[in-house]
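In: Sequence and predicted model, in that order:
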Amino acid sequence: MFKNTFQSGFLSILYSIGSKPLQIWDKKVRNGHIKRITDNDIQSLVLEIEGTNVSTTYITCPADPKKTLGIKLPFLVMIIKNLKKYFTFEVQVLDDKNVRRRFRASNYQSTTRVKPFICTMPMRLDDGWNQIQFNLSDFTRRAYGTNYIETLRVQIHANCRIRRVYFSDRLYSEDELPAEFKLYLPVQNKAKVSQPSPEEGQSVSWGNCASGKCSSLRVQLQSLSMLTLCAPLCHKILSFLPTSALNQE
């Protein structure tokens, strides 16, 4: 889809407040729903995916199973809300051995396992909204000892809410991100600051962290590191950084 497109900076494949957020996606629903709703926390439209079985309710991109994304940008970023239910997503990449590898992260398993064509790993989400940053190049190298070429497919399963899914050429700081790529959390408190609204381009009131203190916390997990940043608008970042101690099978 994007193989012949010049790629640099940011490349968005889903934006929940767009006119057709699933234009290049296909969806499968069984005993669940995929719909756009207004999230109470951010007071804006988001895409909700819910189902009794995570494997049978999902969205996948590209919509055509015979096509591939052809995205060479190495960082996948997803702004996701934790619904405190089972949740999983999967990314298929192509490496320099011309082998298609799949990476599957879920919040219901406890160990990382690497098989020839699929790597499954645990995922820990904070309460509320999370920003998942997936270093595809680093993951491919550490899991398989090969070099990342491009992303072929992204599949997001129940249960979650989605604000945006995009690729980038590197990790960007909060100050570097365009306004429409940030997650704004309106907070009702006395100390308010004015920030531009990404939806309307108007000045509205936004609050800092409810705790009043912003700090960085790095937590080492068994197979990945979780970096939680209390940024100016208090959103969370979850970075996947696999260690060399992966359980090979």
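Out: Thanks, I have the structure now. Residues are numbered from 1 along each chain as shown.
In: Run the chain-centre distance for the host helix or strand of residue 131.
Out: In this assignment (DSSP states H and E), residue 131 forms part of strand 128-135. Distance of strand 128-135 from the chain centroid (CA atoms, centre = their mean, to the nearest Å) equals 5 Å.
In: Which secondary structure elements does it sit against?
Out: strand 75-82, strand 236-240 (3 or more CB pairs under 8 Å, 6 or more residues apart in numbering; DSSP states H and E). The way it works is simple: take the backbone N, C-alpha and C, and place the C-beta from them, glycine included.
In: relative to strand 128-135, how tilted is the first one?
Out: What it means is strand 75-82. Strand 75-82 and strand 128-135 are oriented at 160 degrees to each other (axes from the mean of the first three to the mean of the last three CA atoms, to 10 degrees).
In: Which other helices and strands does strand 75-82 contact?
Out: strand 128-135, strand 148-157, strand 160-168.
In: Could you rerun that using 7 Å?
Out: The helices and strands touching strand 75-82, judged by 3 or more CB pairs under 7 Å, 6 or more residues apart in numbering; DSSP states H and E, are strand 128-135, strand 160-168.
In: For the longest one, which outside residues touch it?
Out: Counting by CB atoms under 7 Å, 6 or more residues apart in numbering, the neighbours of strand 160-168 from elsewhere in the structure are 9-16, 39, 46-49, 71, 73, 75-81, 83, 87, 154, 156, 181, 183.
In: Please report the distance of the residue nearest in space to the middle of the chain from residue 155.
Out: The chain has residue 78 as the residue nearest its centroid, 1.9 Å off, counting by CA atoms, centre = their mean. For residue 78, the distance to residue 155 equals 12 Å [CB to CB, to the nearest Å].
In: for stretch 112-126, what is the average pLDDT?
Out: Mean per-residue pLDDT for stretch 112-126: 94.
In: Endpoints of it, how far apart?
Out: 19 Å (CA to CA, to the nearest Å).
In: just stretch 169-184 next, same as before
Out: First-to-last residue span, stretch 169-184, CA to CA: 23 Å.
In: Residue ranges in this protein under the pLDDT threshold?
Out: For the chain, applying pLDDT under 70 flags the ranges 4, 185-249.
In: Tell me which stretches of it form helices.
Out: 136-144 (DSSP state H).
In: Residue 3 is nearest to which of the helices and strands packed on strand 75-82?
Out: Nearest to residue 3 among the helices and strands packed on strand 75-82 is strand 160-168 (13.3 Å), distances taken as CB to CB.
In: what angle separates that closest one from strand 148-157?
Out: Going by the same axes, to 10 degrees, strand 160-168 makes 170 degrees with strand 148-157.
In: partners of strand 160-168, with directions?
Out: Here strand 160-168 is paired, per DSSP bridges, with strand 10-15 (antiparallel), strand 44-51 (antiparallel), strand 75-82 (antiparallel).
In: need these in JSON lines with distance to residue 59, can you?
Out: As requested, these are arranged in JSON lines below (distance: least, CB to CB, whole Å):
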{"stretch": "strand 10-15", "distance to residue 59": "8"}
{"stretch": "strand 44-51", "distance to residue 59": "7"}
{"stretch": "strand 75-82", "distance to residue 59": "12"}
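In: Please identify the deepest-packed of those.
Out: Using mean count of other CB atoms under 10 Å, the stretch among these with the greatest mean number of neighbours is strand 75-82 (a mean of 22).
In: Check what contacts that strand and list those residues.
Out: By CB under 7 Å, 6+ apart, the residues outside strand 75-82 that reach it are 39, 46, 91, 125-136, 151, 160-168, 170-171, 183.
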